[in-house]
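A.B. asks: Could you look at this predicted model? Sequence included:
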Amino acid sequence: MTGRVEAVCVSGTDLPAVAGRKPVRTGIDKRLVEGRVAVGEHGLDGDVQVNRKYHGGDGQQVYAYAQEDADWWAAELGRELPPGRFGENLRTTGVDLTHAVLGERWRVGTALLEVTAPRIPCANFARFWDVPQLVKRFTAHGAPGAYLRVLETGELGAGDLVELVHRPDHGVTVDLVFRAWTTQKYRAAELAPALDVLPERNRAKAAERIAARTVPAG
(Lines give C-alpha, C1' and ligand atoms only; values in the text may rest on other atoms or scores of the structure.)
Protein backbone atom coordinates (compact mmCIF):
# COMPACT_ATOMS: atom_id res chain seq x y z
CA MET A 1 0.00 0.00 0.00
CA THR A 2 1.21 3.45 -0.89
CA GLY A 3 -1.25 6.30 -0.45
CA ARG A 4 -0.82 10.02 -0.10
CA VAL A 5 -1.66 12.83 2.30
CA GLU A 6 -3.86 15.30 0.46
CA ALA A 7 -4.20 17.78 3.30
CA VAL A 8 -3.07 18.37 6.88
CA CYS A 9 -5.46 20.05 9.32
CA VAL A 10 -5.38 21.23 12.94
CA SER A 11 -7.98 22.88 15.13
CA GLY A 12 -5.96 25.78 16.48
CA THR A 13 -7.17 27.86 19.40
CA ASP A 14 -10.18 29.68 17.85
CA LEU A 15 -12.63 26.85 18.52
CA PRO A 16 -16.31 27.05 17.53
CA ALA A 17 -19.21 26.14 19.80
CA VAL A 18 -21.89 23.69 18.67
CA ALA A 19 -25.53 24.25 19.55
CA GLY A 20 -27.44 22.11 22.02
CA ARG A 21 -29.04 22.26 25.44
CA LYS A 22 -25.63 23.43 26.60
CA PRO A 23 -23.39 24.82 23.82
CA VAL A 24 -19.91 23.34 23.97
CA ARG A 25 -16.61 24.19 22.31
CA THR A 26 -15.29 21.57 19.94
CA GLY A 27 -12.05 20.86 18.13
CA ILE A 28 -13.83 19.10 15.26
CA ASP A 29 -13.59 22.05 12.87
CA LYS A 30 -10.01 21.64 11.71
CA ARG A 31 -8.33 23.97 9.24
CA LEU A 32 -5.77 23.47 6.51
CA VAL A 33 -2.13 23.98 7.39
CA GLU A 34 0.39 24.97 4.75
CA GLY A 35 3.90 23.57 4.68
CA ARG A 36 5.43 21.05 7.06
CA VAL A 37 3.79 20.27 10.40
CA ALA A 38 5.61 18.88 13.41
CA VAL A 39 4.28 15.58 14.81
CA GLY A 40 4.93 15.35 18.53
CA GLU A 41 4.18 12.61 21.03
CA HIS A 42 0.76 14.19 21.67
CA GLY A 43 -0.16 14.79 18.02
CA LEU A 44 0.19 17.53 15.42
CA ASP A 45 1.60 20.88 16.41
CA GLY A 46 -1.25 23.36 16.92
CA ASP A 47 -4.01 20.76 17.26
CA VAL A 48 -6.34 21.00 20.26
CA GLN A 49 -8.50 18.31 21.86
CA VAL A 50 -11.17 19.98 23.99
CA ASN A 51 -12.57 16.95 25.80
CA ARG A 52 -9.57 14.84 26.80
CA LYS A 53 -11.89 12.19 28.26
CA TYR A 54 -12.83 11.08 24.75
CA HIS A 55 -10.25 12.67 22.43
CA GLY A 56 -6.49 12.67 22.24
CA GLY A 57 -4.22 10.69 24.49
CA ASP A 58 -2.49 7.40 23.72
CA GLY A 59 -3.60 5.92 20.43
CA GLN A 60 -5.69 8.91 19.41
CA GLN A 61 -2.99 11.48 18.73
CA VAL A 62 -3.83 11.72 15.01
CA TYR A 63 -7.05 11.07 13.06
CA ALA A 64 -7.13 10.22 9.35
CA TYR A 65 -10.08 10.30 6.96
CA ALA A 66 -10.06 9.24 3.31
CA GLN A 67 -10.97 11.53 0.43
CA GLU A 68 -12.77 8.59 -1.18
CA ASP A 69 -15.08 8.32 1.85
CA ALA A 70 -15.53 12.08 2.03
CA ASP A 71 -16.61 12.04 -1.62
CA TRP A 72 -19.32 9.47 -0.79
CA TRP A 73 -20.70 11.71 1.96
CA ALA A 74 -20.49 14.80 -0.22
CA ALA A 75 -22.67 13.08 -2.83
CA GLU A 76 -25.01 11.68 -0.16
CA LEU A 77 -25.58 15.07 1.49
CA GLY A 78 -25.21 17.29 -1.56
CA ARG A 79 -22.62 19.54 0.04
CA GLU A 80 -18.92 20.16 -0.10
CA LEU A 81 -16.85 18.51 2.62
CA PRO A 82 -13.36 20.01 2.40
CA PRO A 83 -10.46 18.70 4.50
CA GLY A 84 -11.06 19.14 8.22
CA ARG A 85 -14.85 18.80 8.17
CA PHE A 86 -14.69 15.30 9.64
CA GLY A 87 -12.39 16.56 12.37
CA GLU A 88 -9.50 14.79 10.67
CA ASN A 89 -5.86 15.76 10.87
CA LEU A 90 -4.95 13.91 7.68
CA ARG A 91 -7.11 13.72 4.54
CA THR A 92 -5.70 10.80 2.56
CA THR A 93 -6.08 9.25 -0.87
CA GLY A 94 -5.25 5.72 -1.95
CA VAL A 95 -5.49 4.32 1.59
CA ASP A 96 -8.31 1.92 2.51
CA LEU A 97 -8.74 3.16 6.07
CA THR A 98 -11.85 1.06 6.73
CA HIS A 99 -9.97 -2.17 6.15
CA ALA A 100 -6.66 -1.09 7.64
CA VAL A 101 -5.39 -3.63 10.20
CA LEU A 102 -4.95 -2.54 13.79
CA GLY A 103 -1.24 -2.33 14.49
CA GLU A 104 -0.19 -1.66 10.92
CA ARG A 105 2.43 1.06 10.72
CA TRP A 106 2.82 3.88 8.25
CA ARG A 107 5.76 6.08 7.47
CA VAL A 108 4.36 9.53 6.71
CA GLY A 109 7.01 12.14 6.16
CA THR A 110 9.53 11.46 8.90
CA ALA A 111 6.92 10.32 11.45
CA LEU A 112 5.92 6.72 12.13
CA LEU A 113 2.22 6.18 12.86
CA GLU A 114 0.26 3.10 13.98
CA VAL A 115 -3.41 2.32 13.27
CA THR A 116 -5.26 1.86 16.59
CA ALA A 117 -9.05 2.23 16.30
CA PRO A 118 -12.03 3.61 14.38
CA ARG A 119 -13.68 6.92 15.19
CA ILE A 120 -17.09 6.53 16.85
CA PRO A 121 -19.42 9.42 15.90
CA CYS A 122 -20.85 11.55 18.68
CA ALA A 123 -23.68 14.05 19.11
CA ASN A 124 -21.31 17.02 18.71
CA PHE A 125 -20.37 15.70 15.27
CA ALA A 126 -24.05 15.70 14.25
CA ARG A 127 -24.60 19.19 15.67
CA PHE A 128 -21.53 20.55 13.93
CA TRP A 129 -22.79 19.31 10.55
CA ASP A 130 -26.42 20.14 11.41
CA VAL A 131 -27.61 16.88 9.85
CA PRO A 132 -30.51 15.05 11.56
CA GLN A 133 -29.76 11.43 12.48
CA LEU A 134 -26.14 11.81 11.35
CA VAL A 135 -24.79 9.51 14.07
CA LYS A 136 -27.18 6.76 13.01
CA ARG A 137 -26.42 7.31 9.33
CA PHE A 138 -22.66 7.43 9.89
CA THR A 139 -22.80 4.22 11.91
CA ALA A 140 -24.92 2.43 9.32
CA HIS A 141 -22.61 3.42 6.46
CA GLY A 142 -19.32 2.70 8.19
CA ALA A 143 -16.16 4.30 6.79
CA PRO A 144 -15.26 5.75 10.22
CA GLY A 145 -11.69 6.76 9.48
CA ALA A 146 -8.77 5.65 11.62
CA TYR A 147 -7.11 6.88 14.78
CA LEU A 148 -3.32 6.71 14.83
CA ARG A 149 -0.68 6.40 17.52
CA VAL A 150 2.56 8.35 17.18
CA LEU A 151 5.41 5.83 17.42
CA GLU A 152 8.12 8.15 16.15
CA THR A 153 7.87 11.92 16.12
CA GLY A 154 8.84 13.91 13.04
CA GLU A 155 7.13 16.12 10.51
CA LEU A 156 4.76 15.72 7.60
CA GLY A 157 2.87 17.73 5.01
CA ALA A 158 0.42 17.59 2.12
CA GLY A 159 1.82 15.50 -0.72
CA ASP A 160 3.70 13.08 1.53
CA LEU A 161 3.40 9.39 0.77
CA VAL A 162 1.69 7.07 3.24
CA GLU A 163 3.98 4.05 3.12
CA LEU A 164 3.02 0.77 4.77
CA VAL A 165 6.04 -0.56 6.65
CA HIS A 166 4.40 -3.26 8.79
CA ARG A 167 1.08 -5.12 8.86
CA PRO A 168 0.19 -7.72 11.54
CA ASP A 169 -1.39 -10.97 10.40
CA HIS A 170 -4.20 -11.13 13.01
CA GLY A 171 -6.74 -9.62 10.59
CA VAL A 172 -8.50 -7.33 13.07
CA THR A 173 -9.48 -4.34 10.95
CA VAL A 174 -10.82 -0.87 11.67
CA ASP A 175 -14.15 -2.00 10.22
CA LEU A 176 -14.32 -5.04 12.51
CA VAL A 177 -13.66 -2.94 15.61
CA PHE A 178 -16.23 -0.36 14.50
CA ARG A 179 -18.91 -3.03 14.03
CA ALA A 180 -18.02 -4.84 17.26
CA TRP A 181 -18.41 -1.56 19.15
CA THR A 182 -21.65 -0.49 17.45
CA THR A 183 -24.03 -2.68 15.43
CA GLN A 184 -22.44 -6.13 15.88
CA LYS A 185 -21.42 -6.32 19.53
CA TYR A 186 -21.61 -10.11 19.42
CA ARG A 187 -18.29 -9.99 17.52
CA ALA A 188 -16.34 -8.56 20.45
CA ALA A 189 -14.34 -11.76 21.01
CA GLU A 190 -12.82 -11.35 17.55
CA LEU A 191 -10.94 -8.28 18.80
CA ALA A 192 -8.79 -10.23 21.27
CA PRO A 193 -5.67 -10.50 19.06
CA ALA A 194 -5.45 -6.71 18.79
CA LEU A 195 -6.46 -5.73 22.34
CA ASP A 196 -3.04 -4.28 23.19
CA VAL A 197 -3.06 -2.06 20.10
CA LEU A 198 -6.26 -0.20 21.06
CA PRO A 199 -5.99 3.24 22.65
CA GLU A 200 -5.36 2.87 26.38
CA ARG A 201 -8.74 4.35 27.32
CA ASN A 202 -10.56 1.61 25.35
CA ARG A 203 -8.70 -1.48 26.52
CA ALA A 204 -10.44 -2.21 29.84
CA LYS A 205 -13.95 -1.98 28.38
CA ALA A 206 -12.89 -3.96 25.32
CA ALA A 207 -11.39 -6.67 27.56
CA GLU A 208 -14.68 -6.89 29.48
CA ARG A 209 -16.66 -7.26 26.28
CA ILE A 210 -14.24 -9.87 24.93
CA ALA A 211 -14.48 -11.87 28.18
CA ALA A 212 -18.28 -11.70 28.13
CA ARG A 213 -18.37 -13.06 24.59
CA THR A 214 -15.69 -15.72 24.97
CA VAL A 215 -16.84 -19.29 25.57
CA PRO A 216 -14.61 -21.02 28.19
CA ALA A 217 -12.63 -23.99 26.89
CA GLY A 218 -13.87 -27.41 27.91
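C.D. replies: Now that the structure is in, tell me what you want to look at.

A.B. asks: can we go C-alpha only for contacts and neighbour counts from here?
C.D. replies: OK.

A.B. asks: which residues touch residue 112?
C.D. replies: By CA atoms under 8 Å, 6 or more residues apart in numbering, the contact set of residue 112 is 105, 106, 150, 151, 152, 153, 154.

A.B. asks: what's the answer for residue 173, then?
C.D. replies: 98, 99, 100, 101, 102.

A.B. asks: Tell me the spacing between the closest residue to residue 31 other than its chain neighbours and residue 182.
C.D. replies: Closest residue to residue 31 apart from its sequence neighbours, by CA to CA, 6 or more residues apart in numbering: residue 9 at 4.9 Å. As judged by CA to CA, to the nearest Å, residue 9 and residue 182 stand 27 Å apart.

A.B. asks: between the two, which one's more packed in?
C.D. replies: Here residue 9 and residue 182 are compared on neighbour count by other CA atoms under 10 Å; more neighbours surround residue 9, at 27 against 13.

A.B. asks: Would you agree that one falls within a helix?
C.D. replies: No - using DSSP: H, G, I helix; E, B strand; the rest coil, the secondary structure at residue 9 is strand, not a helix.

A.B. asks: OK, contacts around it?
C.D. replies: Taking CA under 8 Å, 6+ apart, we find residue 9 in contact with 30, 31, 32, 33, 83, 84, 88, 89, 90.

A.B. asks: what's the farthest-apart pair in those?
C.D. replies: Greatest spatial distance among the contacts of residue 9 (CA to CA): 33 and 88, at 12.2 Å.

A.B. asks: more neighbours, those two?
C.D. replies: Set residue 33 next to residue 88 and count neighbours by other CA under 10 Å: residue 88 wins out with 28 against 16.

A.B. asks: Report the secondary structure state of the more buried one.
C.D. replies: Residue 88 ends up coil, using three-state DSSP.

A.B. asks: do the same with residue 159
C.D. replies: Of the three states, residue 159 takes coil under three-state DSSP.

A.B. asks: gap between the spatially closest residue to it that is not a sequence neighbour and residue 66?
C.D. replies: Distances taken as CA to CA, 6+ apart place residue 5 nearest to residue 159, at 5.3 Å, with adjacent residues excluded. Distance, residue 5 to residue 66, by CA to CA: 9 Å.
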